[in-house]
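In: Here is my input, please return the structure:
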Amino acid sequence: MATLISQCTFPSGQTLALYHGDLTEEHVDTIVNAANARLAHGGGVAGAIVRRGGHEIQRESDKWVRQHGPAAHDRPALTGAGKLSCKAVIHAVGPVWQGGGHNEDANLRAAYASSLELAHRQGFASIAFPSISTGIFGFPVERGAAIALKAVEDFCAAYPASPLREFRFTLIDVRTVEVFRREFEKVKRDA
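Out: Numbers count the residues shown, from 1 in each chain. Predicted coordinates for the structure are as follows:
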């Protein structure tokens, strides 16, 4: 069971929450997978999602790539959730950190924003994110947390009437949770 660390409500009534726990156990409409462009879910968050949700998630991902080509920062994939308690998985492609001079910030923003837009179009009410790209892709957590929370803030400002009402970051790594908690405090001051 995930533990609530911090929460705030925007003027639109949409809520943003930070949880310490396992993303694969979240009871939301959709979870976001930190994926690679080929949707080969071997390690990290992606591997955990397939281990818990079942190999049908990998099979659906392979089919999606055959039909649409590789996923991209601005073009996430959507699959079923297998045995997970959510309805669907959005597979977001975050950037691999290359020192900051290769559009990594913009590509990370696009990964979050396009996932939010896809969830909005699907009519989902709730979404849970990992910290995209800050694990095996090496994106600095402090920088990634600020981009992630700003993407949600911007979405809520642009779509206050969206069916998407609840936004969660569910993180298992204690250090990452602490970094996000500090960023949450800034968001709460501005909300």
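In: Could I get the full set of strands for the chain?
Out: Using DSSP state E, the strands of the chain run over 3-9, 15-20, 30-35, 77-80, 88-93, 126-129, 166-171.
In: Could you identify which of those is most buried?
Out: strand 30-35 (a mean of 28; mean count of other Cβ atoms under 10 Å). C-betas here are computed from N, CA, C, even on glycine.
In: So which residue is smack in the middle of this protein?
Out: Phe129 (2.9 Å; Cα atoms, centre = their mean).
In: Who is the closest residue to that residue other than its chain neighbours paired with across the strands?
Out: Nearest residue to Phe129, sequence neighbours excluded (Cβ to Cβ, 6 or more residues apart in numbering): Val32, at 4.7 Å. The partner list for Val32 in beta bridges (DSSP bridges) reads Ile90.
In: quick one: contacts for Val32?
Out: By Cβ atoms under 8 Å, 6 or more residues apart in numbering, the residues touching Val32 are Pro76, Val89, Ile90, His91, Ala92, Ser115, Ile127, Ala128, Phe129, Pro130, Ile132.
In: Same check on Val93?
Out: Ala35, Asn36, Ala37, Ala71, Ala72, His73, Arg75, Pro76, Ala111.
In: residues in contact with the fourth one?
Out: With contacts defined as Cβ under 8 Å, 6+ apart, Ala71 is in contact with Ala35, Ala37, Leu39, Trp64, Val65, Ala77, His91, Ala92, Val93.
In: Show me which pair in these is furthest apart.
Out: Val65 and Ala92 (14.5 Å; Cβ to Cβ).
In: now the residue nearest to Leu39 when sequence neighbours are not counted: how far from Arg175?
Out: In space, and not counting its chain neighbours, Leu39 is closest to Ser61: 3.7 Å by Cβ to Cβ, 6+ apart. From Ser61 across to Arg175, the span is 29 Å (Cβ to Cβ, to the nearest Å).
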